[in-house]
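Participant: The sequence and its predicted three-dimensional model are supplied below.
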Amino acid sequence: MKKNLFTLLVVAGAVTFAHAQRPTQGGTAPSDSTRRASSALGAAAAAKPKPYDQVITNKAQTRLGLVISHKIEDKFFFEIADSVLNRDILVVSRISKASATLRDNQVYAGDQIGSSVMRFEKGPNNKLFIRKISFRAYSPDSTSSMYKSVQNSTVQNIAASFNVAAYAKDNKGVVVDATDFINSDNDVFYFSSPAAKTRFRLGAQLADRSFINTIKTFPTNTEINVTKTYSMSAAPTTGAGGGGMMGGGGAAGSITVELNTSLVALPKVPMKARYFDPRVGYFAVGYTDFDANPQGVKDLELVKRWRLEPKPQDMAKYKRGELVEPAKPIIFYIDPATPKKWVPYLIAGVNDWQKAFEKAGFKNAVIGKMAPTKAQDSTWSLDDARNSAIVYKPSEIPNASGPSISDPRTGEIMESHINWYHNVMKLVRDWYFIQTAAVDKRARTVNFSDELMGDLIRFVSSHEVGHTLGLRHNHGSSSTVPTENLRNKKWVEENGHTPSIMDYARFNYVAQPEDNISKVGLYPRIGDYDKWAIDWGYRYFPDSKTVASDMKILDKMTVEAAKNRRLWFGTETNPDDPHSQSEDLSDNAMKASEYGIKNLKVILSNLKTWTKQPGENYDELGNMYGQLTTQLGRYVGHVSKNIGGIYENPKTVDQAGLIYERTPAATQKEAVNWLNAQVFTTPKWLLDQSILDNINESPLVVVSKLQNAALTRVISTRVLGNLIAAEAADGATAYKIADLFKDLNASIFTELKGGAAIDVYRRNLQKAYVDRLIAIINPPAAPTVAAAAFGRGGAAPSGLSASQTDAVSVVKGQLRELDKAIKASSHADTLSKYHLEDLSDRIEKALDSKK
């Protein structure tokens, strides 16, 4: 392919040369094309490589490394050795120093703005190319019959071209002037896509205010640091009828940022990959493989993991089952900007994973360290792609995240920068207060001790490090724990309240004050599933030579582990699976939420005292009351998901049992009964008027938000569709759509029998219920997407819409029956009468096809 391309270019050059030498006729001036050709020849002559010493003079400031860098006055030359040519190089770009203006867009130093793979490649006519490499379609075996065909059909894009200024002294490399390219606004070194710039409202680069700061190069990576100034578009303004991205708008202008780009050589010998298995929760990279399936193609997914291998001298020990240190441990440095008092807790969160790696045969596999000072190591830099770190960001964002950069060929994690936002402390404080203050005296204040806050920081650190080790959320993990075990002091302190720290099972809100459970039974920890998952991902198989043979061993391990439900990966996101939920605990959401509400009542009765700060206003009272109602809303969500639920059990064809199982009818009825008792029966315990009057909150709004959330979740085309499908599959044993409405109506419209006065909370609930039913039969205008969502992922079987099933028919029938019951009822009080007449009018209008 390269030879053909070279031939075409040479032939094209010969034609141009012949045309340029053609004599003019009759003394006429040369044609435009002749002048252009002559100009091109002159440029080609000027671009002819010069002797090395004429380009890289004795004025050069030279740095040796992956890419040899020469700085001569204001020029930067790259010297690319032949050994670097055609190597896959990972390019990672980050904001090194953010502009104050970008804080409005929640952009901070350390944020990633681009990632890609490139190669330096010699071109014809003394050219050096940069190609951007895609692995979307891949034939990894160069000896296979498909390899050449795939290569011919996936020519990699030439993203940049350089004239060779000189050849290396030993003639084993090329020198190019990289100044203009580094100074340009290109998508190789900086923002990798237009969308990345759009997020920050950035326009064109302003060249007169952009420049190169430093280029540092190391044996396996080169670091480019630049200052860039861009034009900036005006922020959207908030109109009277809706919200904009930026509340008050912002003026157009310019913005200056400092960017750092890392060029990291990917391994010459790629790590042996490990295929993704849906029964173990790992992040993955993938490509379409044209070799894996002899009768087609196969989309392969490779798990993301670090390369952990025993040292050669320890291989015999490893085979004997002795713990050995890896040849290259995983090290996370703590950003020097981190407040000193939190550093030990962040380091502890990293080191907590050492026990998990011992399961895979490695000791000291992952290590947390304070970043070295300049005096200790003047070359160390947070921007150096060889250094993984927990990066502390002075941000109001109450969050943390654990991304990683990996080799797309194998999934090998090359580095990670965990984003640690300062305000994550408020997040964990609010969680811990609302979930444990009833049982932990230390949480009965809005100003936690450093020890308690440090413990919470340690937990978040461990969770985020887990992500950087490759682990996804395991939101089903907590569903394996019987509810009463969470109140068993001995059991929960020994085992933890969830088998996985990668679950969103924050703190043990089931524990009651009388249980006397200590902090070890309240905090999340690295558990049984986490240790198993690390063993699956990182165990080294010295005698296995291929990925396929590794996977056979791992499959046996997985089938054996499946006998222990605590070792299951319970899926990260499934809209139908009651086991796959965030923020929940135990195998029974109804029982767990009952205990949770008991604790919320204790907290509410003490909320004014526990949030009181002398000389301060009621902001903390308002915040914590909002947190309390939010926690109650979580319980509503946990319970509601059981209605129309479908459990997902990841399995292969070699394992017994079903992958998808419908939630038992008894469990669904238990969930509806819980909603009727705790939500649709007005939760007046929540309405402490002395609190509401100090935070300017309406009791009607508090209750309506809670009830509307429950109605929206339960009376949806998705849930109704699942109930209809379950009845088709299970017949009489199913919890039917008719059962749901019978149970709801009996609770929501109790006043229709007997003529009791309907208070304002119940009137609002009944209106909301009728409105939900009307929305099913007369949905608001929306994009042309099927209204019903029956199975996994939102797709209805056979493309059925709600109108093609019994859902609309049943809802219409319910509205007609309800209208009859309303007309037949008699209420003496005026507001109840007006309310019911209004409901009847709404129903008749909705059912009248002429209106």
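Facilitator: Arrived safely. Residues are numbered from 1 along each chain as shown.

Participant: could you pull out the strands for the stretch 301-450 of the chain?
Facilitator: Secondary structure of the stretch 301-450 of the chain (DSSP state E, counting those that start in this stretch): strands at 330-334, 366-370, 388-393, 400-401, 405-406, 413-415, 417-421.

Participant: Domain parsing of this protein, as residue ranges.
Facilitator: 2-46, 52-239+246-265, 312-425 (automatic domain parsing).

Participant: Least confident of those, on average?
Facilitator: Lowest mean pLDDT within the domains of the chain: domain 2-46, at a mean of 38.

Participant: Can you say which of the strands of the stretch 301-450 of the chain is nearest to residue 819?
Facilitator: Nearest of the strands of the stretch 301-450 of the chain to residue 819, taken as CB to CB: strand 400-401 at 51.1 Å. (C-beta placed from N, C-alpha, C; glycine too.)

Participant: circling back: could you dump the strands of the stretch 301-450 of the chain into CSV and include distance to residue 300 and mean neighbour count?
Facilitator: Shown next, in CSV, are the strands of the stretch 301-450 of the chain (distance: least, CB to CB, whole Å; neighbours: other CB atoms under 10 Å):
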stretch, distance to residue 300, mean neighbour count
strand 330-334, 25, 22
strand 366-370, 27, 18
strand 388-393, 26, 24
strand 400-401, 27, 18
strand 405-406, 14, 24
strand 413-415, 18, 21
strand 417-421, 27, 25
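
Participant: Out of the ones you listed, which is closest to residue 219?
Facilitator: Of all those, strand 413-415 sits nearest to residue 219, with 14.6 Å by CB to CB.

Participant: Sheet partners, orientation included, of the closest one?
Facilitator: Using DSSP bridges, strand 413-415 pairs in its sheet with strand 405-406 (antiparallel).

Participant: hang on, the earlier thing: any chance of JSON lines for the domains of the chain, columns distance to residue 547?
Facilitator: Converted to JSON lines, the domains of the chain look like this (distance: least, CB to CB, whole Å):
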{"stretch": "domain 2-46", "distance to residue 547": "30"}
{"stretch": "domain 52-239+246-265", "distance to residue 547": "10"}
{"stretch": "domain 312-425", "distance to residue 547": "9"}
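
Participant: of the ones you listed, which approaches residue 821 most closely?
Facilitator: Residue 821 sits nearest to domain 52-239+246-265 of all the domains of the chain, at 43.8 Å, using CB to CB.

Participant: hmm, back to that, do you know which of the strands of the stretch 301-450 of the chain lies nearest residue 639?
Facilitator: Comparing the strands of the stretch 301-450 of the chain under CB to CB, the one sitting nearest is strand 400-401, at 28.8 Å.

Participant: Direction included, what does the closest one pair up with?
Facilitator: strand 417-421 (antiparallel).

Participant: tilt between the strand it pairs with and strand 330-334?
Facilitator: Orientation of strand 417-421 against strand 330-334 (axes from the mean of the first three to the mean of the last three CA atoms, to 10 degrees) gives an angle of 30 degrees.

Participant: Residue 777: which of the domains of the chain is closest?
Facilitator: The closest of the domains of the chain to residue 777 is domain 52-239+246-265. By CB to CB, the value is 32.5 Å.

Participant: Quick check: end-to-end length of the closest one?
Facilitator: By CA to CA, to the nearest Å, the extent of domain 52-239+246-265 from end to end equals 25 Å.

Participant: ok, now stretch 537-549?
Facilitator: End-to-end distance for stretch 537-549: 15 Å, by CA to CA.

Participant: which element is the closest residue to residue 133 other than its chain neighbours on?
Facilitator: Excluding its sequence neighbours, the residue lying closest to residue 133 (CB to CB, 6 or more residues apart in numbering) is residue 117, at 4.3 Å. Using DSSP states H and E, residue 117 maps to strand 112-123.

Participant: Tell me the first helix or strand C-terminal of that strand.
Facilitator: Next helix or strand after strand 112-123 toward the C-terminus (DSSP H and E): strand 127-133.

Participant: would you put the C-alpha positions of stretch 395-410 in CSV?
Facilitator: Provided in CSV are the C-alpha atoms of stretch 395-410 (Å, rounded to 0.1, in the frame of the first residue of the first chain):
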residue,chain,number,x,y,z
SER,A,395,-14.4,23.1,43.1
GLU,A,396,-17.9,23.6,44.4
ILE,A,397,-18.8,20.3,42.7
PRO,A,398,-19.8,17.8,45.3
ASN,A,399,-18.3,14.8,43.6
ALA,A,400,-15.2,12.7,42.8
SER,A,401,-14.5,10.5,39.7
GLY,A,402,-12.0,7.9,38.7
PRO,A,403,-11.3,7.8,34.9
SER,A,404,-8.4,6.0,33.3
ILE,A,405,-6.6,6.0,30.0
SER,A,406,-5.9,2.6,28.4
ASP,A,407,-4.2,1.0,25.4
PRO,A,408,-7.0,0.4,22.9
ARG,A,409,-5.3,-2.7,21.6
THR,A,410,-5.4,-4.6,24.9
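
Participant: Now for residue 845, how many residues are close by?
Facilitator: 12 (other CB atoms under 10 Å).

Participant: oh, I was asking about residue 356
Facilitator: Residue 356, neighbours per other CB under 10 Å, totals 25.

Participant: change the start of the numbering to 7 and stick with it
Facilitator: With 7 as the first residue, the last one maps to residue 362.

Participant: Quick one: residues contacting it.
Facilitator: Shown in contact with residue 362 (CB atoms under 8 Å, 6 or more residues apart in numbering): 532, 536-537, 540-541.

Participant: Redo the residues you listed as a markdown table? Include neighbour count, distance to residue 560 and pLDDT.
Facilitator: Formatted as a markdown table, the contacts of residue 362 follow (neighbours: other CB atoms under 10 Å; distance: CB to CB, whole Å; pLDDT from 0 to 100):
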| residue | neighbour count | distance to residue 560 | pLDDT |
| --- | --- | --- | --- |
| 532 | 24 | 21 | 97 |
| 536 | 28 | 17 | 98 |
| 537 | 20 | 15 | 98 |
| 540 | 27 | 13 | 98 |
| 541 | 20 | 10 | 98 |
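
Participant: Closest to residue 225 out of these?
Facilitator: Nearest member of these to residue 225, counting by CB to CB, is residue 540, at 29.5 Å.

Participant: That closest one touches residue 359, doesn't it?
Facilitator: Yes: between residue 540 and residue 359 there is a contact under CB atoms under 8 Å: 7.4 Å.

Participant: what do those two both touch?
Facilitator: Counting by CB under 8 Å, 6+ apart, the shared contacts of residue 540 and residue 359 are residue 475.

Participant: And for residue 826, the neighbour number?
Facilitator: 12.

Participant: What of residue 259?
Facilitator: With other CB under 10 Å as criterion, residue 259 counts 10.

Participant: so how far is residue 478 from the closest residue to it other than its chain neighbours?
Facilitator: Leaving aside its sequence neighbours, residue 259 sits nearest to residue 238 (CB to CB, 6+ apart; 5.4 Å). In this structure, residue 238 and residue 478 are 36 Å apart, going by CB to CB, to the nearest Å.

Participant: again, but for residue 682
Facilitator: Distance, residue 682 to residue 478, by CB to CB: 36 Å.

Participant: Equivalent analysis for residue 226, please.
Facilitator: Counting by CB to CB - residue 226 and residue 478 are separated by 29 Å.

Participant: try residue 765
Facilitator: To residue 478, residue 765 is 47 Å away according to CB to CB.

Participant: more crowded one of the two?
Facilitator: residue 478 (20 against 14).

Participant: show me the contacts for that one.
Facilitator: Residue 478 sits in contact with 287-289, 508, 578, where contact means CB under 8 Å, 6+ apart.

Participant: Specify the local secondary structure of residue 167.
Facilitator: Assigned with DSSP: H, G, I helix; E, B strand; the rest coil, residue 167 falls in the strand class.

Participant: now swap in the one 10 residues further on and tell me
Facilitator: Of the three states, residue 177 takes coil according to three-state DSSP.

Participant: Measure how buried it is and give me the count.
Facilitator: By other CB under 10 Å, 9 other residues sit near residue 177.

Participant: count of residues packed around residue 240?
Facilitator: 12.
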